[in-house]
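A.B. asks: Have a look at this fold, sequence not included:
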């Protein structure tokens, strides 16, 4: 019978020696709500891989934002709090000040972190709060379907900049990483992307480094990830990844913006 | 008898917080309550290790409370009217996520930037929710410096019993004036592991999620029903009030907080003139002491409600009385404190000369 044949075929193929991909144990086995091709899914996976590899699943508390990642707690198998829009860094401050020996992170989009939460992010950075901020910058409001973000680049069309962002009336795209990097409380600022395999690997390394710095108590760490939004950009996933490469990254260049001096 | 000191209301509240073993205070300076954060900055950390942090705004402060309360810690803040307005978003989230915390509003005159003088214009905001959505704070109204201290411990007990924010609603005068206060003994700060608190996923258990987001309407209604059951339980178990001279009373003076003391004096003056006046002071503003008003309404000629606002608690008094007796209101606004004489004069105008 056909069904039996499939069973045999599956058993033949699914063997430990043939394993090329495994969902990290720290990521719950549920369907993600993110759109096909969205960078959020990739970042969730690699961050949870880092948590698994560092063995800190029971020692980390996350803060989910308002935005597309509001349901991050449905996927990340760690203790989490969901914050009001923009307030993740204030919530994380409350958590970290109460539990200084635990790892704490926030996971925020551009509107959450840089617009409505700009003040909370800035002051948490300035106090040198010892936690990690994962900053997904896709230059658009995703959850509310495509309005202009503080990071929307000049000329970019969104539903609230239908003729393209005009800096004369709408302001310039905000480079939040560069803004806070000079603050003494800030330990580590880096900008990465997840549009290519190589960039995914680099992002994962950056996330791991940030958690190591947190363990050393070095202060505020910001890992900005330039990401895509195929649905609201009205592109296929591949087109959107090309847009990240050819349009966004030239404005938001990848690499470390500030790195702490660590005594070996 | 415990240690007795002469203290400002704000300082007594701060000292009581240290002695109650509070874990964290997050706040932002605003007159007339900045003594709280000043006192705690000076005293708290060195004595108990309590975290005291001056936030960048009241918006940030209340969200720091959310984070700390979500770890099962005793976290509190204080502010005054404009600052409390900024906290309403956070309070709605805290109430919905069912986190315990304590805050105090040292009410000043409004609206807007208003004045720094005492007022009670934030009654509605305190007892009817304040932020968006169907929720309530449990509201305690102290009337002297002793209660400014006593309600800290009581406030945390209630906050943790119901996993709900508790507000001490005082006014600028109670914060600023000095009185004798008997201080409670020092309690140790203790870490309690609550099953709901995010302290790191248990090795042999489920992860904990603190959220107020429930996209499915049926689920969100379920949360609302749970909250409403909780508020009903508060109405059954937590009503507190104080009365005087109810036995022979033909009239009732009612007021909360500082004004209740002025009303008490007005009652005494009135009794000297032969008016049989009784006195009711609601201590919990939510849950409101509805039953005692409903009871006395059956046998008195009228109730005079006195407030430092345009008439807010009087609506709850009228609801409680439900037309069974006449309810009048006298109030001053904008930071003006009424005198016993003017209260009595207005009582006579409304209830005696008009009869």
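C.D. replies: Received the coordinates, thanks. Quick caveat, the model's predicted, so the values are computed rather than measured.
A.B. asks: pLDDT averaged over the strand or helix carrying residue A:199 - what is it?
C.D. replies: Using DSSP states H and E, residue A:199 falls within helix A:197-216. Averaging pLDDT along helix A:197-216 yields 98.
A.B. asks: now the helix or strand that that helix is followed by, how far from the centre of its chain.
C.D. replies: Per DSSP H and E, the first helix or strand lying C-terminal to helix A:197-216 is strand A:220-226. Between the centre of strand A:220-226 and the centre of its chain there are 7 Å (CA atoms, centre = their mean, to the nearest Å).
A.B. asks: what packs against strand A:220-226?
C.D. replies: Under the contact criterion of 3 or more CB pairs under 8 Å, 6 or more residues apart in numbering or on different chains; DSSP states H and E, strand A:220-226 touches helix A:118-126, strand A:132-137, helix A:176-180, strand A:186-193, helix A:197-216. Yep, even glycine has a C-beta here, placed from its N, CA and C like the rest.
A.B. asks: Can you list the low-confidence ranges for the chain?
C.D. replies: Picking chain A for this. A:1-8, A:264 (pLDDT under 70).
A.B. asks: Correction: the question concerned chain B.
C.D. replies: Ranges of chain B meeting pLDDT under 70: B:354-355.
A.B. asks: how about the helices in it?
C.D. replies: B:9-19, B:34-48, B:58-69, B:81-86, B:88-97, B:123-127, B:145-162, B:172-176, B:217-237, B:258-272, B:290-297, B:313-321, B:340-347 (DSSP state H).
A.B. asks: Which one of the ones you listed lies nearest to chain A?
C.D. replies: Nearest to chain A, of all the helices of chain B, is helix B:58-69, at 2.5 Å by CB to the nearest CB.
A.B. asks: okay, the angle between the closest one and helix A:118-126?
C.D. replies: Counting by axes from the mean of the first three to the mean of the last three CA atoms, to 10 degrees, helix B:58-69 points 60 degrees away from the direction of helix A:118-126.
A.B. asks: what angle separates helix B:58-69 from helix B:145-162?
C.D. replies: Using the same axes, to 10 degrees: helix B:58-69 against helix B:145-162 is 60 degrees.
A.B. asks: do helix B:58-69 and chain A meet at all?
C.D. replies: Yes - counting by CB under 8 Å from any CB of the partner chain, chain A is contacted by helix B:58-69 at B:59, B:60, B:61, B:63, B:64, B:65, B:66, B:67, B:68, B:69.
A.B. asks: pretty sure the third one is touching residue B:27, no?
C.D. replies: Yes - here residue B:61 reaches residue B:27: they are 5.3 Å apart, a contact under CB atoms under 8 Å.
A.B. asks: Where does the residue of chain A at minimum distance from chain B fall, secondary structure wise?
C.D. replies: With CB to the nearest CB as the measure, residue A:94 is the residue of chain A nearest to chain B, at 2.5 Å. Using DSSP H and E, residue A:94 maps to helix A:88-98.
A.B. asks: That helix - contacts with which helices or strands?
C.D. replies: strand A:60-64, strand A:103-109, helix A:118-126, strand A:132-137, strand B:24-27, strand B:51-54, helix B:58-69.
A.B. asks: again, 7 Å this time
C.D. replies: strand A:60-64, strand A:103-109, helix A:118-126, strand B:24-27, helix B:58-69 (3 or more CB pairs under 7 Å, 6 or more residues apart in numbering or on different chains; DSSP states H and E).
A.B. asks: CSV please, covering the ones you listed and showing distance to residue A:135.
C.D. replies: Listed next are those as CSV, based on distance: least, CB to CB, whole Å:
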stretch, distance to residue A:135
strand A:60-64, 13
strand A:103-109, 6
helix A:118-126, 9
strand B:24-27, 24
helix B:58-69, 18
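A.B. asks: nearest to residue A:15, of these?
C.D. replies: Proximity to residue A:15 (CB to CB) singles out strand A:60-64 among the helices and strands packed on helix A:88-98, at 32.8 Å.
A.B. asks: chain center to the helix or strand just after the closest one, what's the gap?
C.D. replies: Downstream of strand A:60-64, the first helix or strand assigned by DSSP H and E is strand A:79-82. Relative to its chain's centre, strand A:79-82 lies at 16 Å (CA atoms, centre = their mean).
A.B. asks: Parallel or antiparallel, list what pairs with strand A:79-82.
C.D. replies: Paired neighbours of strand A:79-82 in the sheet (DSSP bridges): strand A:60-64 (parallel), strand B:209-210 (parallel).
A.B. asks: now, of these, which is deepest in the fold?
C.D. replies: Of those, the one with the most neighbours on average (mean count of other CB atoms under 10 Å in any protein chain shown) is strand A:60-64, at a mean of 28.
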